[in-house]
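Asker: No sequence on hand, only this structure:
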């Protein structure tokens, strides 16, 4: 069983549509990170959420941390082709280790 | 500010061979972590190095080993390569904070290793 379950695994939408992807766990975390990884590149940190119920916005991206700090969501408004990529959620565990979900692969068609 | 750089970008090896991957950490960072990312999966933690010593290890066999140098750069060595070792190997640097915890990870673009 994975520590972080991400859904959906794949998502293909048209430019201009809205979407939400999810990161779920049965464990409680002190913080959670969202990364975007484009083909041929490493993951790039988008945001860290820390407080239960916290909402952070990054332009058209809205990140929410669950009240119980077990889950998180990423909502994209009016998706653009440049949003295409693999969206990963990750948490810091012991010994400086970060654990990641398997990601949601998003394709935005023009 | 210099980012994380990895070399080589691509590598093809034969089963049973050995490989060394290299990583230069971002300036100001003192910790390097290595991750293996198989196709369709998220990165899996291999190990972390701090002050030239291993500071945490994931569920990988001893044939995966590493080094960190005084300038904080790092190497990942894999002996007796297996077909399942084919993956993207990512290096990430961060700053281990004096009060505990790490600053966010900064990843390089990885080395794509293919074992045939």
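Answerer: Received, thanks. This is a predicted model, so every value here is computed, not measured.
Asker: Residue B:20 against residue B:74, yeah?
Answerer: No. The criterion here is C-beta atoms under 8 Å, and residue B:20 misses it with residue B:74 at 10.8 Å. Backbone N, C-alpha and C define where each C-beta goes, glycine included.
Asker: List the contacts of residue A:81.
Answerer: Residues in contact with residue A:81 (C-beta atoms under 8 Å, 6 or more residues apart in numbering or on different chains) are A:15, A:108, A:109, A:110.
Asker: Of those residues, grab the buried ones for ChimeraX.
Answerer: Selecting in ChimeraX just the buried members of the contacts of residue A:81, where the criterion is 16 or more other C-beta atoms under 10 Å in any protein chain shown, is done with this command:
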select /A:108
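Asker: can you tell me which two in the contacts of residue A:81 are farthest apart?
Answerer: A:108 and A:110 (7.7 Å; C-beta to C-beta).
Asker: Find residues that contact each of these two.
Answerer: Counting by C-beta under 8 Å, 6+ apart, the shared contacts of residue A:108 and residue A:110 are A:15, A:81.
Asker: pLDDT-wise, which helix or strand of the chain ranks last?
Answerer: Defaulting to chain A. strand A:98-100 (a mean of 93; mean pLDDT, DSSP states H and E).
Asker: actually chain B
Answerer: Per mean pLDDT, DSSP H and E, bottom of the list for chain B is strand B:53-57, a mean of 91.
Asker: Show me what that one is packed against.
Answerer: Where contact means 3 or more C-beta pairs under 8 Å, 6 or more residues apart in numbering or on different chains; DSSP states H and E, strand B:53-57 is packed against strand B:44-50.
Asker: How far off centre is the strand it packs on?
Answerer: Relative to the chain's own centre, strand B:44-50 is displaced by 7 Å; criterion: C-alpha atoms, centre = their mean, to the nearest Å.
Asker: Same check on stretch A:11-25?
Answerer: Distance of stretch A:11-25 from the chain centroid (C-alpha atoms, centre = their mean) equals 10 Å.
Asker: By neighbour count, which bits of it are buried? Give me those.
Answerer: Residues of stretch A:11-25 classed as buried by neighbour count (16+ other C-beta under 10 Å): A:11, A:13, A:19, A:21, A:22, A:23, A:24, A:25.
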